[in-house]
Structures are given as structure tokens and as C-alpha cells.
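1. show me how the following folds:
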Amino acid sequence: MSEVLSQNEIDSLLAALSTGEVDVAQMSAADEKKVKDYDFKRPAKFSKEHLRTLEMIYEHYGRLLSTTLPLYLRRNVAVSVANSETVTYSEFSNALSNPVILGVINFLPLQGTIILELQANLGFSFIDRVLGGEGTTLDKPRPFTDIEMPLIEKLVTICMQLMVEPWQNVVAINPVMERIETNPQFAQVISPTDMIAIVTLNLKIGETEGLMNVCLPYFTLESVMDKLNTKFWFSTMQKNNDENYGEFLETMVRRVDVPVKAILGKCNVSVNDFVHLQAGDIIRLDNRVNTDMQIYVGNIYKFTALPGTAKDKYAVRITSIVREEGE
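-> All right, here's what the predicted structure looks like:
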């Protein structure tokens with residue numbers, strides 16, 4: 001039922017119309033329904049919900065990049081998701097520059113491949129930084145040399161491996177690098193008319209800034225499209241956090257490498273004796289052969305042990321555990 005206007009509201013509306021404050025044509029145009037033409041050549045296979053979920057996945061991915069790449073570059077790396085959209089593969093490939101870094105990745109166990117694209121200036125900055133430079137890029141792009149390509153492959157491999165964790169709430173992937181192309185004409189691994197989702201990330205390595213595009217074909221993601229929604233993503237993430245978080249932490253801690261050293265004994269040697277040491281000389285330590293050795297885990301004195309051998313290798317046998325107060 002339409003709203004009934006009072007007499008005062010009718011008088012105010014007539015006064016506004018007479019003074020020109022309200023345009024009748026604009027009011028009638030606002031009531032018209034806007035119709036959008038449907039392009040059958042570009043079917044909408046990715047909904048806004050799908051793109052939003054992909055953005056969330058790659059926001060997580062961006063955080064991993066910003067914490068992992070500085071380990072190799074010794075420089076701050078800022079990563080943010082800039083955009084996500086749906087286009088045909090021909091539109092994507094026609095917009096690529098030459099040279100460009102294209103990683104063709106087999107997205108196992110899913111069928112098909114994805115493409116990881118990095119702008120050439122990011123590749124040159126990575127190469128310069130890894131080889132000890134300031135991380136500057138070239139003023140005029142050129143093709144990558146045979147010596148530079150292994151470093152580019154290392155960069156793309158690092159970026160590929162970091163995708164495993166963000167995707168685990170949707171599907172457990174095991175990506176495998178098929179090849180790397182620097183000429184977009186040689187990367188026609190997808191039909192030109194196939195629809196793809198592109199997630200664009202903005203990377204800033206020091207003073208160098210560039211884009212990374214993740215090309216995700218519909219054919220590759222078709223089997224998990226029903227899982228690409230925020231409701232499923234959040235429910236799976238919450239379930240994993242509740243049930244497996246403690247086990248996950250324990251597994252990660254068990255994989256940490258810890259240095260262990262056994263001290264046979266100590267002694268003081270003059271600089272003159274040290275300089276003239278020869279092969280076969282004997283250094284007398286302050287411990288006897290049958291005396292327990294000190295075993296350090298990191299810098300903590302943790303065990304005592306006796307020296308020996310095991311399968312033709314030097315070894316120690318733990319005799320006691322050194323416990324701190326309160327343990």
C-alpha cells in the first residue's frame with residue numbers, strides 16, 4: 001500500500017515543483033528499473049561471493065609474502081590485495097607486457113593449471129637484491145639472461161609454495177611448477193575464451209613497486225566452486241582452529257632444528273703452542289675418558305653423557321638429565 005501524504009506535504013511538494021527545486025523528469029527516471037545487457041560470450045561464472053572469498057584467501061597469502069620474502073631480501077616487503085575481477089583469458093594475455101614473469105603452476109589435486117604473473121621490474125629488483133645490490137630495477141626492461149633465470153625460478157617457487165596454507169580451508173593443494181615463461185606468446189595454456197578470475201596484489205620491495213596477478217581459470221576451480229563462499233570458509237577455519245590448532249602447534253615445534261653440542265673437555269693453550277700445532281699432536285683436556293661429558297641444547301646445559309661410537313660414527317650415550325629448579 002502506497003504512503004498517503006498529508007495536506008502540508010502536498011503543499012510543500014507543489015511549491016518545490018513550481019520553484020524548480022524538484023525535477024519531474026529526474027523523479028520519473030529514478031523509478032525506472034535499470035536493465036543490464038547479458039553478454040553470452042562472457043558468461044558470469046564467478047559471482048561476487050566467489051571473488052570476495054578469493055580476495056580473503058589472497059589477503060592471507062599477502063601476509064605470508066610480507067613475512068617470508070624479507071628473509072631472502074633483508075628488506076621490508078609490503079603486500080596488499082588491490083583488485084579482483086573476471087575476464088576472458090585473451091583479455092588477460094593481451095594486456096601482458098614483454099618481458100614478463102609467468103609461472104605456469106599445476107594446481108594439484110585440482111585439474112588444470114593456474115598462472116602466477118609478476119611484473120619484470122619486481123624480478124630485476126629481486127635479482128639485484130639477492131646478488132648483494134640495493135634492489136634497484138632497470139630503467140629500460142630487457143629479456144632475462146640464462147644466469148638470471150634460476151633466480152627468477154627461485155622467486156616464483158617461493159611464491160608458489162606459500163599458496164598451500166591460505167588454500168587449506170578450501171582444499172589441500174600440492175602445487176607443482178611446470179615451467180616459467182618470460183614471453184606471453186608462449187604461455188597459451190588456457191583457451192582464449194575461457195573465463196578466469198584475476199586477483200591482483202600490489203608488492204613493494206624497498207623503493208620498487210609492482211603488481212602480481214594470480215590467474216585462476218574456472219575450469220581449474222570448478223570442482224571447488226561450492227566451497228568458495230565466505231560462510232563455508234569461515235566455518236572450516238573455525239573448525240580447524242578448534243580441533244587442530246594445538247596439534248598444529250606441536251607439529252611445528254617438533255620440526256624446529258635445535259643445535260646440540262657435546263663438550264669433551266677444556267684446556268688452556270698458549271698462542272705459541274696453538275700456532276705450532278701439527279697433525280698428530282695431543283691436546284690434554286681436563287676430563288678423563290670415563291668422565292661424563294656436558295651436553296648443551298642451544299646454550300642450555302641439559303644432559304650428561306659418555307662418549308662412544310655407533311655404526312662407525314662418533315656418538316654419546318645419555319646418562320642423566322640436568323633439571324632446573326622447579327622442573
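2. in what helix or strand does the closest residue to residue 284 other than its chain neighbours lie?
-> Excluding the flanking residues, the one nearest residue 284 by Cβ to Cβ, 6 or more residues apart in numbering is residue 267, at 6.2 Å. Bear in mind the C-beta positions are built from the backbone N, C-alpha and C, glycine included. Assigned by DSSP states H and E, residue 267 falls within no helix or strand.
3. which residues does residue 267 contact?
-> Residue 267 is in contact with 283, 284, 285, 286, counting by Cβ atoms under 8 Å, 6 or more residues apart in numbering.
4. now residue 165
-> So residue 165 contacts 60, 64 (Cβ under 8 Å, 6+ apart).
5. mind putting the contacts of residue 267 into TSV with secondary structure and neighbour count?
-> Formatted as TSV, the contacts of residue 267 follow (DSSP: H, G, I helix; E, B strand; the rest coil; neighbours: other Cβ atoms under 10 Å):
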residue	secondary structure	neighbour count
283	coil	11
284	coil	7
285	coil	13
286	coil	10
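6. ok, the residue nearest to residue 284 to residue 219 distance?
-> Distance, residue 267 to residue 219, by Cβ to Cβ, to the nearest Å: 70 Å.
7. what's the answer for residue 119, then?
-> 26 Å.
8. more neighbours: those two, which one.
-> residue 119 (22 against 17; other Cβ atoms under 10 Å).
9. what residue ranges in the stretch 1-150 of the chain score low on pLDDT?
-> Along the stretch 1-150 of the chain, the parts satisfying pLDDT under 70 run over 1-7, 20-44.
10. show me where it has strands.
-> Here the stretch 1-150 of the chain has its strands, by DSSP state E, counting those that start in this stretch, at 77-88, 101-106, 113-118.
11. nearest to residue 211, of these?
-> strand 77-88 (7.0 Å; Cβ to Cβ).
12. who's in contact with the closest one?
-> Contacts of strand 77-88 with the rest of the structure, by Cβ under 8 Å, 6+ apart, involve 42, 44-46, 51-52, 54-55, 58-59, 62-63, 65-66, 69-70, 192-205, 211.
13. for PyMOL, what selects the buried ones among these?
-> Restricted to buried positions by 16 or more other Cβ atoms under 10 Å, the PyMOL selection for the contacts of strand 77-88 reads:
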select buried, resi 45+46+51+54+55+58+62+65+66+69+195+196+197+198+199+200+201+203+205
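14. mind listing which of the contacts of strand 77-88 are in helices?
-> 51, 52, 54, 55, 58, 59, 62, 63, 65, 66, 69, 70 (DSSP state H).
15. from those, which is closest to residue 110?
-> For the ones in helices among the contacts of strand 77-88, the nearest to residue 110 is residue 54 (14.0 Å; Cβ to Cβ).
16. not counting sequence-adjacent ones, nearest residue to that closest one?
-> In space, residue 54 is closest to residue 199, 5.4 Å off (Cβ to Cβ, 6+ apart).
17. mind exporting the C-alpha coordinates of stretch 304-320 to PDB?
-> Only the C-alpha atoms of stretch 304-320 are listed here, as PDB (Å, rounded to 0.1, in the frame of the first residue of the first chain):
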ATOM      1  CA  THR A 304      75.400 -35.600  30.800                       C
ATOM      2  CA  ALA A 305      76.700 -38.400  28.600                       C
ATOM      3  CA  LEU A 306      79.500 -40.800  27.900                       C
ATOM      4  CA  PRO A 307      81.500 -40.700  24.600                       C
ATOM      5  CA  GLY A 308      81.400 -43.700  22.200                       C
ATOM      6  CA  THR A 309      80.700 -44.800  18.700                       C
ATOM      7  CA  ALA A 310      77.600 -46.000  16.700                       C
ATOM      8  CA  LYS A 311      77.900 -47.500  13.200                       C
ATOM      9  CA  ASP A 312      81.500 -46.100  12.700                       C
ATOM     10  CA  LYS A 313      80.400 -42.600  13.800                       C
ATOM     11  CA  TYR A 314      81.100 -40.700  17.000                       C
ATOM     12  CA  ALA A 315      78.200 -40.700  19.400                       C
ATOM     13  CA  VAL A 316      77.300 -40.100  23.000                       C
ATOM     14  CA  ARG A 317      75.100 -42.100  25.400                       C
ATOM     15  CA  ILE A 318      72.900 -40.000  27.700                       C
ATOM     16  CA  THR A 319      73.500 -40.900  31.400                       C
ATOM     17  CA  SER A 320      71.400 -38.200  33.200                       C
END
